[in-house]
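K.L.:
coordinates only, sequence not included:
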């Protein structure tokens, strides 16, 4: 087993953006990186072979809450962990289950011990605690595991946000203590990332960032953003936190976001991103391109027999026409979900690769300023 290592390869001249690489037991991750979300052991509608060959994903996410409920830890342990269960030999990151549990506002109760909740599948009662979250993530077997935290809603009252943040810090210490007595199961190392909370209150975010930095983890995450707050608040909180978290550790901004969000937060010093947006939007026929966004259900594409995206990097972009993809969507054909999902994920990964190239070249800020106006256009 090896320690997770992070090395900064280059720093942009005009911003805090940096290019680096993270070394894990399942391979190297070049940053900045976007991580496709594989909620239940699959990135929806996309085979693992396409993730590797067409999308060129370096790491994917698994969801602790969903994998715990289905297929369950007994099945995952029988397979030898999620890597073997889904036949994926590259790095995996799992969330702690906290965000999903807290989103079940009508089905859960928060106490100091943890969160009691009812399954969305059958209504059965379960308890997630810092200790059980660590045990479940050990059974899943991800390379990077997240501390069990509470994600407060937006907006939150100051008192609640502070109480929630302080509980998150106490839960973090319980996660760290439990991992010391609950070893990894599959012969490779797992690395805990704590999570900064504090809603959109600057003093709470600063206090949380300092508390997280003091724990000395190999990497750190920023949670509780992209939950409905204005983008300006997201950027302000990210900039504040990145100024406190260690520069020599990877920074992961959870659940973010649009292509513009990714680029703006890269400029603030974030290295890792995930979001369901590219795949969720794809299933509704909404595509991201370098020239802007496309709603493939619109009538304007019905007779457009040009390639789906002439500038795209995935084989689906040149192989299928706009008219054909629109037809599939209108006919509710499953192939449409595959084509659009592969396209959007390939675009997000190419966005991260090009950002890295421009950071290395030292002109990231100028490049970002030139592409964002196009990314936001509706075609």
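P.N.:
It's in. None of the values given here were measured: they were computed from a predicted structure.

K.L.:
who does the worst-scoring helix or strand of the chain on mean pLDDT touch, helix- and strand-wise?
P.N.:
Counting by mean pLDDT, DSSP states H and E, the chain has its least confident helix or strand at helix 98-103, which shows a mean of 73. Packing contacts for helix 98-103, counted by 3 or more C-beta pairs under 8 Å, 6 or more residues apart in numbering; DSSP states H and E, involve helix 64-69, strand 108-110, strand 115-118. All C-beta spots, glycine's among them, are computed from the backbone N, C-alpha and C.

K.L.:
Let me know the outermost residue of this structure.
P.N.:
Note on the chain: the largest C-alpha distance from the chain mean falls to residue 303, namely 36.3 Å (C-alpha atoms, centre = their mean).

K.L.:
Tell me which of the helices and strands packed on helix 98-103 lies nearest to residue 282.
P.N.:
Closest approach to residue 282 among the helices and strands packed on helix 98-103 (C-beta to C-beta): helix 64-69, 19.3 Å.

K.L.:
My impression was that residue 177 belongs to a helix - is that right?
P.N.:
Yes. Counting by DSSP: H, G, I helix; E, B strand; the rest coil, residue 177 is found in a helix.

K.L.:
Nearest the geometric middle of the protein, what residue?
P.N.:
Using C-alpha atoms, centre = their mean, the most central residue of the chain is residue 274, at 2.0 Å.

K.L.:
Now for it: which residues touch it?
P.N.:
34-37, 61, 93, 252, 254-256 (C-beta atoms under 8 Å, 6 or more residues apart in numbering).

K.L.:
Going toward the C-terminus from the helix or strand harbouring residue 293, what's the next helix or strand?
P.N.:
Assigned by DSSP states H and E, residue 293 falls within strand 292-295. As assigned by DSSP H and E, the chain's next helix or strand after strand 292-295 is helix 315-319.

K.L.:
Other residues contacting that next one?
P.N.:
Contact with helix 315-319 is made by 54, 307-312, 338-339, 342-343, 346, as judged by C-beta under 8 Å, 6+ apart.

K.L.:
So which of the residues you listed wins on neighbours?
P.N.:
The most neighbours of any of those, using other C-beta atoms under 10 Å, belong to residue 343, which has 29 neighbours.

K.L.:
Which of the residues in the stretch of helix or strand that residue belongs to are classified as buried?
P.N.:
In the assignment (DSSP H and E), residue 343 maps to helix 334-361. For helix 334-361, a neighbour-count test (16 or more other C-beta atoms under 10 Å) marks 336-356, 358-359 as buried.

K.L.:
roughly how far out does it sit from the chain middle?
P.N.:
14 Å (C-alpha atoms, centre = their mean, to the nearest Å).

K.L.:
ok, back up a step: format the contacts of residue 274 as CSV; extra columns: secondary structure, pLDDT and distance to residue 21.
P.N.:
Putting the contacts of residue 274 into CSV (DSSP: H, G, I helix; E, B strand; the rest coil; pLDDT from 0 to 100; distance: C-beta to C-beta, whole Å) gives the following:
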residue, secondary structure, pLDDT, distance to residue 21
34, strand, 98, 15
35, strand, 98, 15
36, coil, 98, 19
37, strand, 97, 22
61, strand, 97, 19
93, strand, 98, 16
252, strand, 98, 15
254, coil, 97, 21
255, coil, 95, 23
256, coil, 96, 21
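
K.L.:
What is the nearest of those residues to residue 68?
P.N.:
Using C-beta to C-beta, residue 61 is the member of the contacts of residue 274 that sits closest to residue 68, with 14.7 Å.

K.L.:
Neighbours of residue 306, how many?
P.N.:
If you count neighbours by other C-beta under 10 Å, residue 306 ends up with 10.

K.L.:
Please list all residues in contact with it.
P.N.:
Counted by C-beta under 8 Å, 6+ apart, residue 306 has contacts 321-322.

K.L.:
swap in residue 213?
P.N.:
With contact set as C-beta under 8 Å, 6+ apart, residue 213 has these partners: 220, 244-246.

K.L.:
How about residue 39?
P.N.:
61-63, 66, 276.

K.L.:
again, but for residue 284
P.N.:
Counting by C-beta under 8 Å, 6+ apart, residue 284 makes contact with residue 297.

K.L.:
ok, it to residue 350 distance?
P.N.:
Distance, residue 284 to residue 350, using C-beta to C-beta, to the nearest Å: 21 Å.

K.L.:
One more: residue 361?
P.N.:
Noted for residue 361: a distance of 16 Å to residue 350, by C-beta to C-beta.

K.L.:
now swap in residue 158 and tell me
P.N.:
Counting by C-beta to C-beta - residue 158 and residue 350 are separated by 41 Å.
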